[in-house]
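>>> have a look at this prediction, sequence included:
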Amino acid sequence: MAGADAVLLLTRQKKMTPRLSHSRYFWILITAFAALSLWLRMAFPIVAAGSAIHDDLLFVRWAAEIGMGNWLGEYNNLTHAKGVGYSLFLLLNHATGLPLKFTEHTLYLATAGFFAFTIGQLYRSRAATLLTFVLLAFFPTAWVGGAAGRVVREGLYISQSLMLLTLGIRCFVLYEASSPAKQLREHWLSLVLLGLLGGWFWITREEGVWLAPAMTVLVAYWLFRQRAWRENFRAIGAFLAVPIVALLLVIGIINTINFAFYGVFRNNDFRSSDFQAGYGALSRIKHEHWRKYVPFPKDAREKAYEMSAAARELKPFFEGPGGQMWLSITCSQPMALPCDEIQSGWLMWAVRDAASGAGHYVNAGEAKHFYRRLAKEINEGCRLRPDDCLPARATMVPPWHQGYATDTLLASWKVFHTLATLGDMPPYVSVSEGGAKYLALYEVVTNGPLAPLQDAAPAWDGHALKSPRDALRMQLASSISTGVNQLSSYGLPLAFCVWLLWSIAALYKSVRQKRIPDPAWWVTTAIAMAVTTRVLLLGFLDATSIPSNNMLYLFPLVPLSLAMLPVTLWGAISVWKSTKVNHS
């Protein structure tokens with residue numbers, strides 16, 4: 001009875017005091033850690049990449065065009081090539097006058113704090129809050145110039161990903177179980193914010209689906225807690241519909257603006273059915289000798305030219321200087337050898353350049369029509385010459401080949417190792433590159449400061465000005481980086497082992513007692529699913545398409561991987577305490 005009374009009392013306390021109180025000294029400590037993190041981050045300036053016309057420079061140019069009222073500017077083969085979410089953020093930050101990296105890191109620290117307080121509330125532990133925040137505030141990847149210094153989406157995406165998961169935890173796990181209608185009345189604003197953020201997340205990068213399994217775990221916990229489904233099914237449906245409607249509203253607004261300016265209702269060409277159909281048709285043509293990473297070699301191109309008049313329009317580009325340019329770009333990357341064909345990570349850009357060179361990017365309607373015609377003609381050619389083609393496909397995923405499963409698992413393990421060691425990269429400041437006009441554009445849009453050029457002359461009578469402050473910050477960042485890298489190297493694999501053992505015990509207990517596992521297990525499982533899904537996604541891409549085992553692509557995952565350590569630690573402690581109470 002004593003054990004049962006203790007559990008009952010603990011349950012009542014959780015309902016009576018859903019939030020932890022924090023002393024003034026606790027807030028001072030959190031603020032001090034945040035200020036120190038921001039002070040360290042500002043030692044690493046913006047890296048301007050003047051030649052990155054498909055990445056950094058594209059986002060900066062779009063921000064400038066939107067600010068001048070031109071939306072994405074004059075239509076060409078880069079319009080709709082990527083999401084507009086980051087460029088909108090650049091423009092908003094430009095209006096504040098604050099340095100871009102200051103704003104990005106401040107937003108990240110606010111998100112990390114929100115997440116840490118959510119974890120502390122979950123475990124009823126101030127220590128969990130503090131440890132989680134400190135780990136997330138001093139993640140070493142923020143001091144790697146080649147990743148965090150660039151003007152790319154990852155600087156925003158890291159906050160979006162963490163905030164989405166945090167709002168999901170609060171909406172579907174932390175709120176006290178009550179009728180769905182009551183939850184909807186009390187928490188509708190959080191649900192709307194979840195949906196709006198989800199829409200912004202979706203229009204920022206193309207692979208947003210990687211967070212879906214984690215969010216599904218959180219929603220599943222909420223659904224399992226619901227009672228009287230027949231009476232409450234409308235309220236349950238409404239509760240789930242609110243964030244979905246808000247998400248679709250954001251996407252719909254962007255699509256509508258694109259339709260008004262360019263005549264196509266979309267937010268990204270690579271998600272469009274017409275481009276996927278055209279690209280998929282090219283990649284279904286069989287090769288005489290299959291090679292990894294090469295979806296459209298010369299023998300397949302010759303067959304495409306024979307089958308399709310639209311494909312023949314691409315021939316001058318692919319067999320001329322344009323194809324040689326993309327081949328040289330391909331060969332500059334660490335891919336499979338020999339390098340004598342454009343490989344899949346760059347083929348999509350070569351196809352768009354080829355279509356532009358053939359005059360099909362005069363407007364969005366013409367580009368859309370061209371890719372549909374290309375797909376139709378090649379698919380018809382494949383119908384007449386079935387031995388030359390694979391089954392019909394309308395996707396950018398490469399045709400499946402024997403060995404991809406094994407290759408993906410091996411690549412995923414290497415990606416996980418890179419994540420665990422955080423790339424084992426020391427802090428460093430990269431240099432900017434590019435022409436004067438592009439550097440000026442970066443300076444204006446981002447509010448600076450920019451890292452100097454490689455060959456920039458010292459400004460002070462031939463002498464470089466170096467502050468002891470910057471040397472101190474670099475030294476401190478290096479020391480912290482070494483410690484956190486070591487902690488993560490051993491901690492992340494250990495955390496996953498603890499989570500797996502916890503999962504076995506929780507599910508076994510759930511089956512025996514016919515009760516769903518504790519909310520802490522669901523939260524930890526959601527974080528583990530987010531890490532696992534993105535690692536597998538990058539492993540698949542690395543095995544089949546493009547080099548993906550790098551800290552730039554892993555950047556949004558670093559806070560979640562670091563969070564696995566305190567979350568599983570407190571989970572193990574809570575299980576031990578629960579077992580001890582039950583035995584008593």
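Alright, I've got the coordinates.

>>> and the helix or strand hosting residue 106, what's buried?
Here residue 106 sits within helix 100-123, counting by DSSP states H and E. Neighbour-count burial for helix 100-123, counted by 16 or more other C-beta atoms under 10 Å, picks out 100-101, 103-109, 111-113, 115-123. For every residue, glycine as well, the C-beta is placed using N, CA and C.

>>> same check, this time on stretch 205-218
Neighbour-count burial for stretch 205-218, with 16+ other C-beta under 10 Å as criterion, is recorded at 205, 206, 208, 210, 211, 213, 214, 215, 217, 218.

>>> do stretch 78-95 as well
Within stretch 78-95, judged by 16+ other C-beta under 10 Å, the buried ones are 78-91, 93-94.

>>> same question for stretch 475-493.
Along stretch 475-493, these residues count as buried under the neighbour rule (16+ other C-beta under 10 Å): 476, 477, 480, 481, 484, 485, 488, 491, 492.

>>> also stretch 32-39?
Neighbour counts using 16+ other C-beta under 10 Å place 33, 34, 36, 37, 38 of stretch 32-39 among the buried residues.

>>> can you add distance to residue 197 and give those back as JSON lines?
Formatted as JSON lines, the buried residues of stretch 32-39 follow (distance: C-beta to C-beta, whole Å):
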{"residue": "33", "distance to residue 197": "25"}
{"residue": "34", "distance to residue 197": "21"}
{"residue": "36", "distance to residue 197": "28"}
{"residue": "37", "distance to residue 197": "23"}
{"residue": "38", "distance to residue 197": "23"}
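
>>> ok, those residues vs residue 127, which is closest?
The closest of the buried residues of stretch 32-39 to residue 127 turns out to be residue 33 (C-beta to C-beta; 13.9 Å).

>>> I'd say the closest one and residue 133 touch.
Yes: under the criterion of C-beta atoms under 8 Å, residue 33 makes contact with residue 133 at 6.6 Å.

>>> could you list every helix and strand in contact with the longest helix along the chain?
Using DSSP state H, we find that the single longest helix of the chain is helix 468-513. Helices and strands touching helix 468-513, as assessed by 3 or more C-beta pairs under 8 Å, 6 or more residues apart in numbering; DSSP states H and E, comprise helix 24-41, helix 404-421, helix 519-544, helix 558-583.

>>> could you check how far residue 565 is from residue 269?
40 Å (C-beta to C-beta, to the nearest Å).

>>> and these two? which has more neighbours close in?
residue 269 (23 against 20; other C-beta atoms under 10 Å).

>>> tell me the pLDDT at that one?
Model confidence at residue 269, given as pLDDT, is 95.

>>> how about the nearest residue to it, chain neighbours excluded?
Using C-beta to C-beta, 6 or more residues apart in numbering and skipping residues adjacent in sequence, the residue nearest residue 269 is residue 80, 4.3 Å away.

>>> and if you look at residue 62?
Spatially, and ignoring its direct neighbours in sequence, residue 62 is nearest to residue 87 (3.8 Å; C-beta to C-beta, 6+ apart).

>>> how near is that neighbour to residue 550?
23 Å.

>>> and if you look at residue 21?
From residue 21 to residue 550 the distance is 43 Å (C-beta to C-beta).

>>> for the two, indicate the residue with more neighbours.
For residue 21 versus residue 550, the count of surrounding residues by other C-beta under 10 Å is larger for residue 550: 16 against 7.

>>> residue 244 - nearest residue in space that isn't next to it in sequence?
residue 195 is the one closest to residue 244 (C-beta to C-beta, 6+ apart), at 6.4 Å.

>>> got the buried residues for the helix or strand encompassing the one you found?
Assigned by DSSP H and E, residue 195 falls within helix 180-202. Of all the residues in helix 180-202, those buried under the rule 16+ other C-beta under 10 Å are 180, 183-184, 187, 190-202.

>>> outside of that helix, which residues touch it?
Outside helix 180-202, the residues within contact range by C-beta atoms under 8 Å, 6 or more residues apart in numbering are 83, 85, 157, 160-161, 163-164, 167-168, 170-171, 175, 208, 211, 226, 232, 235-236, 238-239, 242-251, 267.

>>> now with 6 Å?
Contact partners of helix 180-202, identified using C-beta atoms under 6 Å, 6 or more residues apart in numbering, comprise 85, 160, 163-164, 167, 171, 175, 208, 232, 235-236, 238-239, 242-243, 246-247, 250-251.

>>> now do stretch 521-533
169, 173, 210-211, 213-214, 217-218, 221, 499, 506, 560-561, 564, 567-568, 571.

>>> helix, strand or coil for the closest residue to residue 340 other than its chain neighbours?
Nearest non-adjacent residue to residue 340, counting by C-beta to C-beta, 6+ apart: residue 327, 7.4 Å away. The three-state label given to residue 327 by DSSP: H, G, I helix; E, B strand; the rest coil is helix.

>>> identify the residue spatially nearest to residue 242, adjacent ones excluded.
residue 191 (4.1 Å).

>>> so where is the chain shaky, pLDDT-wise?
Residue ranges of the chain with pLDDT under 70: 1-19, 177, 335-337, 456-465, 579-584.

>>> could you list the domains of it?
The domain map for the chain lists 21-264+444-583, 285-392, with the assignment taken from automatic domain parsing.

>>> and after the helix holding residue 106, which helix or strand comes next?
helix 126-137.

>>> now that next one, how far from the chain's geometric center?
The chain centroid and the centroid of helix 126-137 are separated by 23 Å, computed with C-alpha atoms, centre = their mean, to the nearest Å.

>>> which parts of that helix are buried?
Those would be 128, 129, 130, 131, 132, 133, 134, 135, 136, 137, for helix 126-137 by 16+ other C-beta under 10 Å.

>>> so which of these is the closest to residue 577?
Among the buried residues of helix 126-137, and counting by C-beta to C-beta, the member closest to residue 577 is residue 128, at 13.3 Å.

>>> OK, contacts around that closest one?
So residue 128 contacts 119, 120, 566, 570 (C-beta under 6 Å, 6+ apart).

>>> ok, back up a step: of all the buried residues of stretch 32-39, which two lie farthest apart?
33 and 38 (9.8 Å).

>>> how about residue 268, phi and psi?
Backbone torsions of residue 268, given as degrees, to the nearest 10, read phi -160, psi 130.

>>> how deep is it tucked in, by neighbour count?
Residues lying near residue 268 (other C-beta under 10 Å) number 19.
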